[in-house]
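> I would like to see how this sequence folds:
(one chain, ligands or ions: 2)
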Amino acid sequence: MAPSSSTTTIRQMTTTVFLLLLLVPATQNARSIVPRTDRELLDFSLNLEYLEAEFFLHGSMGRGLDHIQPNLAGGGPPPIGARIANLSPLIRPIIMQFAYQEVGHIRAIKSTVPGFSRPLLDLSVKSFAKVINKAFGRPLFPPFNPYANDINYMIASYIIPYVGLTGYVGANPLLKSNITRKLVAGLLGVESGQDAVIRTLLYERAALRVLPYGITVARFTDKISKLRNKLGHAGVKDEGLIVPAYYLLGRGIITGNVLAGNTNSLAFSRTPKEILRIVYGSGKEHVPGGFFPKGGNGTIAKGYLRKRKLDNWPSHV
Ligand SMILES: *[C@@H]1O[C@H](CO)[C@@H](O)[C@H](O)[C@H]1NC(C)=O
Ligand SMILES: *[C@@H]1O[C@H](CO)[C@@H](O)[C@H](O)[C@H]1NC(C)=O
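Numbering: from 1, shown residues only. Ligands and ions are numbered 1, 2, ... in the order given. Got it, this is the predicted structure:
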């Protein structure tokens, strides 16, 4: 009968609409129940995840997020100067695995908080060479090229995930929701794993002299860690692969420092402010530069950038 069949159709349509209404807000709900502080902290970490993802993707495969998962880049500008590195059959697959781990991290963060599109990143030789020159307090000749070989790439990798790691340690006690705490614990676990792999590979080669500089790998790590401590302006939160014997018990027999940690071997923590000072290379959270020529995105990073404009900081600061 016509009336009943149209009633059925209407009922089916109503059910369908009702189900759609249930489904659509489901993802929005998952996001909206994330408290504001948690959202801002996760947004902040997205800046670093983009940096790591693009460095590892390009370094291992010569292609970035725009090829691997363009929706995650969200139409943000492509990174400056990123390229494939000259890596051995041992190191390339390791870096490729790191790369996909970072893609997963971006996906996980963006399914929890709205996030933003990929910020402008500077992954050029010049950008890394600047960090290394600053670390040594003098220009190295030829300029340090992160993409030249295994050892250079791993030294450059020593610069990046560790900063993210200290950020997650710092963010964790500030998080209110168990959803974001679970996510951050998961991110921290894998970031520290990456850091451990990089440090172990470098530790194996600690006494090796990096060509053509004749400077040991251990010394590179020590200088980079000291630079990060200096830029962060918040004490010692970073240590190279070999530390002075007086840091440790056991009368200086052990000076190796394969993992960095405080006196109780707990991971160091850094605030977003300290991290921005380091990744901008400026030592100032309101002065962008370094790996983020236009600064980071999200409420926290943009807040510092806005402060600069409001206070009308002279451009040379
Ligand atoms: C920050 O993210 C928003 C949202 O994705 C985007 O519209 C904006 O252009 C981004 N700003 C910068 C400086 O990258
Ligand atoms: C968060 O806490 C609620 C309430 O205690 C619980 O039902 C939920 O399973 C927890 N979620 C996670 C991801 O642990």
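> wait, residue 238 touches residue 229, no?
Yes - proximity of residue 238 to residue 229 meets the contact threshold set by Cβ atoms under 8 Å, at 5.1 Å. Every residue, glycine included, has its C-beta placed from N, CA and C.
> look at these two and report which has more neighbours.
Taking other Cβ atoms under 10 Å, residue 238 and residue 229 do not tie; residue 238 has more neighbours (23 against 18).
> tell me who's in contact with the more buried one.
For residue 238, the contacting residues are 162, 166, 225, 226, 228, 229, 232, 260, 268, by Cβ atoms under 8 Å, 6 or more residues apart in numbering.
> check residue 147 too.
Counting by Cβ under 8 Å, 6+ apart, residue 147 makes contact with 59, 83, 84, 85, 86, 125, 153.
> re the thing from before, of all the contacts of residue 238, which two lie farthest apart?
Using Cβ to Cβ, the pair of these lying farthest apart is 166 and 226, separated by 15.1 Å.
> neighbour-wise, which of those two wins?
residue 166 (27 against 16).
> contacts for the host helix or strand of that one, please.
Element membership of residue 166, judged by DSSP states H and E, is helix 161-171. Helix 161-171 is contacted from outside by 41-42, 44-45, 48-49, 52, 98, 184, 187-188, 191-192, 194-195, 198, 228, 237-238, 260, 267-272, 274-275, 278-279, using Cβ under 8 Å, 6+ apart.
> who's in contact with the residue in the chain that ligand 1 sits nearest to?
Nearest residue of the chain to ligand 1 (Cβ to the nearest ligand atom) works out as residue 116 at 3.2 Å. For residue 116, the contacting residues are 43, 46, 74, 76, 297, 298, by Cβ under 8 Å, 6+ apart.
> try 6 Å this time
Residues near residue 116 by Cβ atoms under 6 Å, 6 or more residues apart in numbering: residue 297.
> one more: residue 115?
Taking Cβ under 6 Å, 6+ apart as the contact definition, residue 115 lies against residue 46.
> centroid-nearest residue for this structure?
residue 48 (2.9 Å; Cα atoms, centre = their mean).
> tell me which element that one falls in.
Taking DSSP H and E as the definition, one finds residue 48 inside helix 36-61.
> residues of that helix that come out buried?
Neighbour-count burial for helix 36-61 flags 37-61 (criterion: 16 or more other Cβ atoms under 10 Å).
> what about the stretch 201-317 of the chain, any weak spots by pLDDT?
In the predicted model of the stretch 201-317 of the chain, residues 245-254, 309-317 satisfy pLDDT under 70.
> how about the strands in it?
For the stretch 201-317 of the chain, the strands defined by DSSP state E, counting those that start in this stretch cover 209-210, 215-216.
> using TSV, please lay out those together with mean neighbour count and distance to ligand 1.
Shown next, in TSV, are those (neighbours: other Cβ atoms under 10 Å; distance: least, Cβ to the nearest ligand atom, whole Å):
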stretch	mean neighbour count	distance to ligand 1
strand 209-210	16	34
strand 215-216	16	36
